[in-house]
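**Student:** Can you look at this prediction? I've put the sequence above it.
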Amino acid sequence: MADQNTRNYLSVLPHEYGCEILLEKTTLDKVKDPSFPNDAYCIWYKVEEETFMDLTRCRKRVDLFDMYYDKYGPGAVQKIDFGYGRTNPKLWGIKPSEKKKKR
């Protein structure tokens with residue numbers, strides 16, 4: 001029999017909510033990197049009296065809230081705020097192509 005203090009959190013798939021987790025259980029210093037896309041959100045949530053922060057992308061904030069609510073339950077989401085990224089979302093994650101040498 002499992003310990004009653006241990007909760008089994010649901011396995012939630014971010015793509016089902018239209019979300020993408022960029023950094024999970026991270027620090028504010030890592031989130032402040034300007035190379036992240038400017039449509040990313042910081043979300044603070046509480047799990048068993050310990051607060052964590054993630055950096056995520058999503059279509060709408062309500063999708064982000066729904067994902068964390070379904071995964072960790074009521075009262076888990078503490079705060080959702082804008083991220084610190086400066087990169088255009090269309091250009092984020094694209095690697096520059098190699099330039100061919102001219103003959």
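**Tutor:** Looks like it arrived, so ask away. Numbers count the residues shown, from 1 in each chain.
**Student:** what secondary structure does the spatially most central residue of the chain sit in?
**Tutor:** The centroid of the chain falls nearest to Thr56 when counting by CA atoms, centre = their mean (2.2 Å). The assignment at Thr56 comes out as strand when based on DSSP: H, G, I helix; E, B strand; the rest coil.
**Student:** ok, what's across the strand from it?
**Tutor:** Beta-bridge partners for Thr56, by DSSP bridges, are Ile21, Tyr41.
**Student:** And Lys79, by the same measure?
**Tutor:** Trp44.
**Student:** Distance-wise, check it relative to Met53.
**Tutor:** 9 Å (CB to CB, to the nearest Å). Every C-beta, even on glycine, is put in place using the N, C-alpha and C of the backbone.
**Student:** Between these two, which is the more surrounded one?
**Tutor:** With neighbours defined as other CB atoms under 10 Å, Lys79 and Met53 compare such that Met53 has more, 19 against 10.
**Student:** For the closest residue to the more buried one other than its chain neighbours, list the residues it contacts.
**Tutor:** Distances taken as CB to CB, 6 or more residues apart in numbering put Trp44 closest to Met53, at 5.1 Å, once the chain neighbours are dropped. Contacts for Trp44 were tallied using CB atoms under 8 Å, 6 or more residues apart in numbering; they are 51-53, 77-80.
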